[in-house]
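# structure for this input, please:
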Amino acid sequence: MSSKKTLVGVIMGSKSDWEIMKNCCDTLETFDVGYDVRVISAHRTPKRLEKFIEECEKNNVEIIIAAAGGAAHLAGVTASLTTIPVLGVPIESVLKGIDSLLSTAQMPAGVPVGTLAIGKAGAINSALFAISILSNKYPEIKQKLKEYRNNFEKKVPIKPF
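So this is what the prediction gives:
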């Protein structure tokens, strides 16, 4: 975890989600964005979730990334308990993650969750989306994001041969 001020809270429904969500945390570290990562289940540890959200609000965490599989209610329940923006990462489960994707995306009007792709791509993109949001406020993050995008573009060949 970065020693910088915690700007992002990262939560996952179970320890097994770490294999995917470490990609999110690695991406945040690349940009030197401080984060706090925890295992919190919307169904099995609701009091832990409430305490985590209170800590985030008290410490001015600016974005929460919530990953879960199956019923995948973590992002939605989190969003219902705070005004901090919540990004949801569906984790592959019984139906290859489609069940998680639908659970994360199908929120009632008034309780938004920014939903990303299933699995590793979603984990990485959740971090990049958080970084993009933070770059509007933090010039050093904006500069690193511009450099990242420029380097990313350089990796794509102009010709296929």
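# give the contact list for Ile53.
Neighbouring residues of Ile53 by CB atoms under 8 Å, 6 or more residues apart in numbering: 64, 78, 81-82, 84. (Each C-beta comes from the backbone N, C-alpha and C, glycine too.)
# repeat the analysis, applying 10 Å as the threshold.
Counting by CB atoms under 10 Å, 6 or more residues apart in numbering, Ile53 makes contact with 9, 11, 40, 61, 64, 77-78, 81-82, 84, 86.
# what do you get for Tyr35?
1-2, 4, 6-10, 24-25, 27-29, 61, 63, 65, 127, 130.
# about what we covered before: would you turn the contacts of Ile53 into CSV with distance to Lys51 and pLDDT?
As requested, those are exported to CSV (distance: CB to CB, whole Å; pLDDT from 0 to 100):
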residue, distance to Lys51, pLDDT
Gly9, 12, 97
Ile11, 12, 98
Ile40, 9, 96
Val61, 13, 97
Ile64, 13, 98
Val77, 14, 97
Thr78, 12, 97
Leu81, 11, 97
Thr82, 12, 97
Ile84, 14, 98
Val86, 16, 98
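# filter those residues down to the buried ones.
9, 11, 40, 61, 64, 77-78, 81-82, 84, 86 (16 or more other CB atoms under 10 Å).
# out of these, which two sit at the greatest distance?
The span of the buried ones among the contacts of Ile53, defined through CB to CB, is set by Val61 and Val77 at 16.7 Å.
# centre-most residue in the protein?
Ile65 (2.8 Å; CA atoms, centre = their mean).
# you'd agree that one is in a strand?
Yes - when classified by DSSP: H, G, I helix; E, B strand; the rest coil, Ile65 is found to be part of a strand.
# what bridges to it?
Beta-bridge partners recorded for Ile65 (DSSP bridges): Val10, Leu87.
# doesn't Asp17 make contact with it?
No - using CB atoms under 10 Å, Ile65 makes no contact with Asp17, being 11.4 Å away.
# identify the contacts common to the two.
Common neighbours of Ile65 and Asp17 (CB under 10 Å, 6+ apart) are 11, 89, 123.
# isn't the first one right up against Leu49?
Read it as Ile11. Yes - here Ile11 lies in contact with Leu49, judged by CB under 10 Å, at a distance of 7.6 Å.
# which neighbours do the two share?
38, 40-42, 66, 74, 78.
# so what's Leu101 up against?
69, 72, 88-93, 95, 115-119, 122.
# would you mark the buried spots in the helix or strand where it lies?
With elements delineated by DSSP states H and E, Leu101 resides in helix 98-105, which encompasses its position. Going by neighbour count (16+ other CB under 10 Å), the buried part of helix 98-105 is 99-101, 103-105.
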